[in-house]
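**Student:** Next input, structure requested:
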Amino acid sequence: MKKRIIIFDDDSTRRDSLAMLLNMCHDMECVGAFESAAEAVAMVKAAQPDLVLMDIDMPLGNGIYGTRVIKTEFPSLPIIMQTVFDDNEHIFEAIKAGANGYLLKKTPPDKLLDQLRDAFEGGAPMTGTVALKLLQFFREEDISPSYNLSEREKGILKLLVDGHSYKMIAAKSDISYFTVCNHIKKIYEKLHVNSATEAVRLAIQNRIVS
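**Tutor:** Prediction:
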């Protein structure tokens, strides 16, 4: 069954292009494309998507607002932000609002699709420059306990923080995809989080990995 995605973007050309790109996929489809997030909750209720692709900078109802209200009603629904901005304010506001990932609009189409697929598996897709800014922001934070993570778990968490997909983590760690999923499940339990986004945020904030 195809994964259902809705798009919020005030640029009609980009909105249509994204919808077309998704509809060409064998495993995803666009079930709604909107120019504003002002009525985001109603649109999500009507479309019943599996993931939201959200632009940040929209004049009538921006992506930060849309993400916040959607997460209030649908806390487990993945929301991936897309924007031309990679400045600190937009990044942190999006993450605080509950975004599950943050990708720049210049991300190539094939890479974007891979990142969306990773998000469906619980990943937190993030453009490398964004991940770097998060690391820089929390660089001076006090060191916190390791949460009793094993060295293997710390290594996997570090790769997750660096923006690698589950498949890439499996390849770099020389373990199976299934084993990666099991390790990440245990990491969630030890960190007391429910998503890759929360795990990444906690790891960076508390400098669990370096």
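**Student:** What is the burial count for Phe178?
**Tutor:** Neighbours of Phe178 under the rule other C-beta atoms under 10 Å: 10. The way it works is simple: take the backbone N, C-alpha and C, and place the C-beta from them, glycine included.
**Student:** which stretch of helix or strand covers Ile7?
**Tutor:** strand 3-8 (DSSP states H and E).
**Student:** Output whichever helix or strand comes after that strand as PDB, nothing but the C-alphas.
**Tutor:** Per DSSP H and E, the first helix or strand lying C-terminal to strand 3-8 is helix 12-23. Extracted C-alpha coordinates of helix 12-23, given in PDB (Å, rounded to 0.1, in the frame of the first residue of the first chain):
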ATOM      1  CA  SER A  12       2.400  26.600  -6.800                       C
ATOM      2  CA  THR A  13       5.100  25.500  -9.200                       C
ATOM      3  CA  ARG A  14       7.100  23.700  -6.500                       C
ATOM      4  CA  ARG A  15       3.900  22.300  -5.000                       C
ATOM      5  CA  ASP A  16       2.800  20.800  -8.300                       C
ATOM      6  CA  SER A  17       6.300  19.400  -9.000                       C
ATOM      7  CA  LEU A  18       6.500  17.700  -5.600                       C
ATOM      8  CA  ALA A  19       3.000  16.200  -6.100                       C
ATOM      9  CA  MET A  20       4.100  14.900  -9.500                       C
ATOM     10  CA  LEU A  21       7.300  13.500  -8.100                       C
ATOM     11  CA  LEU A  22       5.500  11.600  -5.300                       C
ATOM     12  CA  ASN A  23       2.800  10.300  -7.700                       C
END
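**Student:** Helix 12-23: how far from the chain's middle?
**Tutor:** Helix 12-23 has its C-alpha centroid displaced from the chain centroid by 19 Å (C-alpha atoms, centre = their mean, to the nearest Å).
**Student:** With stretch 159-177 instead?
**Tutor:** Using C-alpha atoms, centre = their mean, the offset of stretch 159-177 from its chain centre is 16 Å.
**Student:** Same question for stretch 110-126.
**Tutor:** Averaging C-alpha positions (C-alpha atoms, centre = their mean) puts stretch 110-126 7 Å from its chain's average.
**Student:** Not counting that stretch itself, show me its contacts.
**Tutor:** For stretch 110-126, contacts defined as C-beta atoms under 8 Å, 6 or more residues apart in numbering pick out 3, 5, 21, 25, 27-28, 50-51, 53, 78, 80, 100-103, 107, 134, 160, 163, 165-167, 181, 184, 195-197, 199-200.
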